[in-house]
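Asker: test case, fold it:
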Amino acid sequence: MGTVSGWFGSQLARYLSTEVHQHGSAPPTRAARLLATLQPGDVLLVEGHSRFSTAIKYLTQSTWSHAALYVGAEALRRTGAPPGHCFVEADVSDGVRSVEAELFEGYHTRICRPVGLADEDIHRVVGYAVARLGHQYDLRNVWDLARYLFPTPPVPLRWRRRMLSLGSGDPTRAICSTLIAQAFQSIHYPILPLITTTSRDSPDCPACVDEILQLRHHSLFAPRDFDVSPYFAVVKPTLAQGFDFHSLQWTDNKSEPERAAFGVA
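Answerer: Residues are numbered from 1 along each chain as shown. Take a look at the predicted model:
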């Protein structure tokens, strides 16, 4: 039974991972510009174009459907990874693997950078991800996506994410966002923790409270969480590399009706 389920899961994964044409308003970032900006420990969010990506974006109400961790070429040198590989990601077909920046050429991306990490912290986060190369992709995630993309009976939108169990919890299996979430949770770095407040019960400061953070289960994370997290900075390669709008070259390509509307002779 498990073999049959695995076969159907693989076939479903292959179908969902097929690229489909999508119109996008945001320009992609060149791989060379990404590499000039990225630092080990950065999370790269990707707006994918597959059926799988469409399902994730729909369920999480987000632009982002995939996440990859930039680890740098040096961290992968002893793993036998091909030259140029510098990311670790969980792929639906190949499992946890290393890839090059050129894989994301042509996609709208966003760099999310954790703030305040020491070199040792980054080393541990990167090492956690690299150590899991070769792990399988958690196909339960594929079944969940298919089930809640076309729910019967319909599932209210506010419940969909809570009901979506992103993964089986098997430590030898992973999906893109949970792999990265586990890497950061291994050093207790916050992404979107549960926060409770408790009174200090201090006579000197009766209104003072302490915030207590609790790790959210890694299976509940989606790519968007790194974007909305208050602990990750959004880094835009165009701005990070010294943007000067004076150097831009424009073309006057307005049609005659547009020129008339703007009062241009």
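
Asker: quickly run through the sheet partners of the particular helix or strand that has Thr197 in it, with directions.
Answerer: Element membership of Thr197, judged by DSSP states H and E, is strand 194-199. The strands beside strand 194-199 in its sheet (DSSP bridges) come out as strand 209-214 (antiparallel).

Asker: what is the mean pLDDT for the strand it pairs with?
Answerer: Per-residue pLDDT over strand 209-214 has a mean of 67.

Asker: so what pLDDT did the nearest residue to Gly72 once chain neighbours are set aside get?
Answerer: Nearest non-adjacent residue to Gly72, counting by CB to CB, 6 or more residues apart in numbering: Pro40, 4.5 Å away. Heads up, the C-betas are built off the backbone N, CA and C, glycines and all. Pro40 is assigned 98 on the pLDDT scale.

Asker: cool, His49 as well?
Answerer: You'll see His49 listed with a pLDDT of 66.

Asker: again with Ala240
Answerer: 86.

Asker: surely it meets Thr37?
Answerer: Yes - contact criterion CB atoms under 8 Å: Ala240 and Thr37 qualify, at 5.0 Å.

Asker: where do the helices sit along the protein?
Answerer: Along the chain, the stretches classed as helices by DSSP state H are 2-16, 31-37, 51-60, 119-130, 140-149, 157-163, 176-185, 224-228, 237-240, 256-261.

Asker: restricting to C-alpha, output the strand holding Thr197 in CSV.
Answerer: Extracted C-alpha coordinates of strand 194-199, given in CSV (Å, rounded to 0.1, in the frame of the first residue of the first chain):
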residue,chain,number,x,y,z
LEU,A,194,4.4,32.5,19.6
ILE,A,195,4.6,35.3,22.1
THR,A,196,3.0,35.5,25.5
THR,A,197,3.3,38.3,28.0
THR,A,198,3.6,37.9,31.7
SER,A,199,3.6,40.5,34.5
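
Asker: what's the straight distance from one end of stretch 108-121 to the other?
Answerer: Start-to-end span of stretch 108-121 (CA to CA, to the nearest Å) is 28 Å.

Asker: that'll do, ta.
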